[in-house]
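Participant: compute the structure for the input listed below.
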Amino acid sequence: MGIEMARIIFPLLLLCAVNVHAQETIFYKCTDAKGTVSMQNGTPCAAGMKQEMRKVGEVKTVAAPSPKPKPAEPPAAAPQYGEFVQVGGPRVTHTPAATAAALPPPPALFQCSTWKGDTYLGEDANPAPRCAPMQVVGIDGTPALGMGEACEMKSDTCTAIPDEQLCAAWYRRLDDAQFKLRYADAQSQRERQASFDNIDARINASRCATSVATDKPASSKKP
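Facilitator: A predicted model of the protein is given here:
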């Protein structure tokens, strides 16, 4: 009789390590020379356009294996309260004058978001509701073009800007107003000039003023 040999089965364990990391979602706000604003998801603005960037969240994804991680480049300034941060185009640096510390604080500002996800800086904590257009359909459910219009009243949500960030927020409003004024046409020139002058006057009357005029004492004349 042959000798029956026992079969020994060795289990094979496969360990699959999956690295999961958070991938940021970035939107780019592009403004051309005419002041036209467009939004781009993950694609930087074209050359010559004013480019602002907004990080809106994180999406977990499974990373593909890579040989060696490349050194990370220094990130741009972190957006505050969902506000767009300028990363391209003309940039002006503003710094409060030391003598402006005695002036009153600037007016309050609020970071607001619309129902469409757009953000803006405003001076009203509770903006008036606006009418959001709604699609009108026919009896069979197809879009009924020209049959009528409908809208839904929606309100923007606003959050107060902290005191320590107010000057930076007012400077952003001033830069935006100056950019629009630079490319204003004949019809919008007066309105944009008034808007810029109003913002500039509010900054100069507060501790955010970049320069403070000092009154020179009148020279006394001997009789």
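
Participant: contacts and neighbour counts: CA atoms only from here.
Facilitator: Noted.

Participant: endpoint to endpoint, stretch 96-109 covers what distance?
Facilitator: Terminal residues of stretch 96-109 are spaced 17 Å apart (C-alpha to C-alpha, to the nearest Å).

Participant: can you tell me the average pLDDT over that stretch?
Facilitator: When pLDDT is averaged along stretch 96-109, the result is 94.

Participant: list the buried residues in that stretch.
Facilitator: By neighbour count on 16 or more other C-alpha atoms under 10 Å, the buried set for stretch 96-109 is Pro96, Ala100, Pro105, Pro106, Ala108, Leu109.

Participant: repeat for stretch 35-46
Facilitator: Gly35, Met39, Pro44, Cys45.

Participant: contacts only, for the last one.
Facilitator: The reference is to Cys45. For Cys45, the contacting residues are Tyr28, Lys29, Cys30, Gln51, by C-alpha atoms under 8 Å, 6 or more residues apart in numbering.

Participant: need the buried residues of stretch 35-46 in JSON lines with secondary structure and pLDDT, can you?
Facilitator: Below are the buried residues of stretch 35-46 laid out as JSON lines (DSSP: H, G, I helix; E, B strand; the rest coil; pLDDT from 0 to 100):
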{"residue": "Gly35", "secondary structure": "coil", "pLDDT": "79"}
{"residue": "Met39", "secondary structure": "strand", "pLDDT": "84"}
{"residue": "Pro44", "secondary structure": "coil", "pLDDT": "86"}
{"residue": "Cys45", "secondary structure": "coil", "pLDDT": "86"}
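
Participant: are any of the contacts of Cys45 buried, and which?
Facilitator: Here, 16+ other C-alpha under 10 Å leaves Tyr28, Lys29, Cys30, Gln51 buried among those.

Participant: in strands only, show me the residues you listed.
Facilitator: Within those, residues falling in strands by DSSP state E are Tyr28, Lys29, Cys30, Gln51.
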